[in-house]
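*Asks:* Mind folding the following:
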Amino acid sequence: MTDAQIAASASGTGEPGTVREEVPAAGPDAGKQVPEWRRALRQPEIRIPLILLGVFLVLWVLVLARPTFLTSFDVWARDHVQNVAHATDGHHRWPVFKTIADLGGGVTVHGVPFPVQVPMAAMALVGLGAAAVRRSWRPILAMAAGYAALLVVLLLKAVGDRPGPSMAGQALSGGLGYFPSGHTGNTMLGYGTAALILAFVFTGHRARIAIAAAMTLWALAVGFSLVWMDYHWVSDVLGSYALCGAALFGVARVLGFRLSRS
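*Replies:* Coordinates of the predicted model:
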């Protein structure tokens, strides 16, 4: 019997024939306690939103410092997309994309004096229905978070005052700017929050995968349609994806969703 086995048997901490040894941790941080904030940053539900916010802030700075290479990229992308769009048969393609783009914002309804914001109405209906079915306040709180995030989008649009593709030669939009895209924000926050609330109600794995896939495809379709119809610059859509995507992580936490466990 080795010395290690004798010591283990004498102390009662090991079984006969086994050796228990403590291997010191390797690396520069060996023996150091990891700070709580570093542990938090390792969690995907915190790290991913911070990355998305970082992407948005970079785009935001470039938009405010116009003109920059971002402006050149937007013009280049717009010219190429419009060349393809005008080369297609408009009678078969344009109405579809226009309808998809419009569903990201207000839709005119006969007999209603104001445009109906379909994403916001969908979020309200789904949220109230889910609160009644599950008898929980979480869907209501998720709705409130979605509406609050939309107000932030509107505020940033006003501060940026960025002109859109149709405002050639203008330095400012003269009202609500085009960055970040409001239609994309409505889609992400309205339909996205509604999708998360539906996932809160339908807890099946396949149902949640179907909801997530449908929402992702719909958000991409709206963003593409906005660029195709020449309503927004590409960076307007990307900025809204980043900002509202980060906000949806907060909505998900309100509903109790987590990507990882402590």
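*Asks:* With just CA atoms, put stretch 52-61 into CSV.
*Replies:* What follows is stretch 52-61, C-alpha atoms only, in CSV (Å, rounded to 0.1, in the frame of the first residue of the first chain):
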residue,chain,number,x,y,z
LEU,A,52,-26.4,43.4,-29.7
LEU,A,53,-26.4,46.8,-27.9
GLY,A,54,-22.8,47.2,-28.8
VAL,A,55,-23.6,46.7,-32.5
PHE,A,56,-26.4,49.2,-32.3
LEU,A,57,-24.3,51.8,-30.6
VAL,A,58,-21.6,51.5,-33.3
LEU,A,59,-24.3,52.0,-36.0
TRP,A,60,-25.8,54.9,-34.0
VAL,A,61,-22.5,56.7,-33.7
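*Asks:* pLDDT (mean, whole number) over it?
*Replies:* What stretch 52-61 shows for mean pLDDT is 95.
*Asks:* Chain neighbours aside, what residue packs nearest to residue 138?
*Replies:* Leaving aside its sequence neighbours, residue 138 sits nearest to residue 255 (Cβ to Cβ, 6 or more residues apart in numbering; 5.3 Å). For glycine as for every other residue, the C-beta is placed from the backbone atoms N, C-alpha and C.
*Asks:* which residues of the stretch 51-200 of the chain fall in helices?
*Replies:* Using DSSP state H, counting those that start in this stretch, the helices assigned to the stretch 51-200 of the chain run over residues 69-87, 90-102, 118-134, 138-160, 182-186, 192-201.
*Asks:* What spatial separation is found between the residue nearest to residue 138 and residue 187?
*Replies:* Distance of residue 255 to residue 187, given as Cβ to Cβ, to the nearest Å: 19 Å.
*Asks:* These two - which one has more neighbours?
*Replies:* Using other Cβ atoms under 10 Å as the criterion, residue 255 and residue 187 rank with residue 187 on top: 30 against 18.
*Asks:* So residue 192 sits against residue 219, correct?
*Replies:* Yes: using Cβ atoms under 8 Å, residue 192 is in contact with residue 219, at 7.0 Å.
*Asks:* Neighbour count for the two, which is higher?
*Replies:* Set residue 192 next to residue 219 and count neighbours by other Cβ under 10 Å: residue 192 wins out with 26 against 22.
*Asks:* distance of that one from residue 95?
*Replies:* Distance from residue 192 to residue 95, by Cβ to Cβ: 25 Å.
*Asks:* how about low-confidence regions in the stretch 101-250 of the chain?
*Replies:* 168-173 (pLDDT under 70).
*Asks:* one step back: determine which of the helices of the stretch 51-200 of the chain approaches residue 109 most closely.
*Replies:* Smallest distance to residue 109 across the helices of the stretch 51-200 of the chain (Cβ to Cβ): 9.6 Å, for helix 118-134.
*Asks:* In terms of secondary structure, what does that closest one contact?
*Replies:* Secondary-structure packing of helix 118-134 (3 or more Cβ pairs under 8 Å, 6 or more residues apart in numbering; DSSP states H and E): helix 138-160, helix 192-201.
*Asks:* and residue 197, how many neighbours?
*Replies:* Residue 197 - counted by other Cβ under 10 Å - has 27 other residues nearby.
*Asks:* again with residue 236
*Replies:* Residue 236 has 30 nearby residues by other Cβ under 10 Å.
*Asks:* Kindly report the same for residue 136.
*Replies:* Residue 136 - counted by other Cβ under 10 Å - has 15 other residues nearby.
*Asks:* Now it, what are its backbone angles?
*Replies:* phi -140, psi 150 (degrees, to the nearest 10).
*Asks:* Around residue 66, count how many other residues there are.
*Replies:* Residue 66, neighbours per other Cβ under 10 Å, totals 14.
*Asks:* So that it lines up with my notes, have the first residue be 25 from now on.
*Replies:* OK, 25 is where the count begins now, so the last one is residue 90.
*Asks:* Could you find the closest non-adjacent residue to it?
*Replies:* residue 186 (7.4 Å).
*Asks:* I'd like the distance between that neighbour and residue 260.
*Replies:* From residue 186 to residue 260 the distance is 7 Å (Cβ to Cβ).
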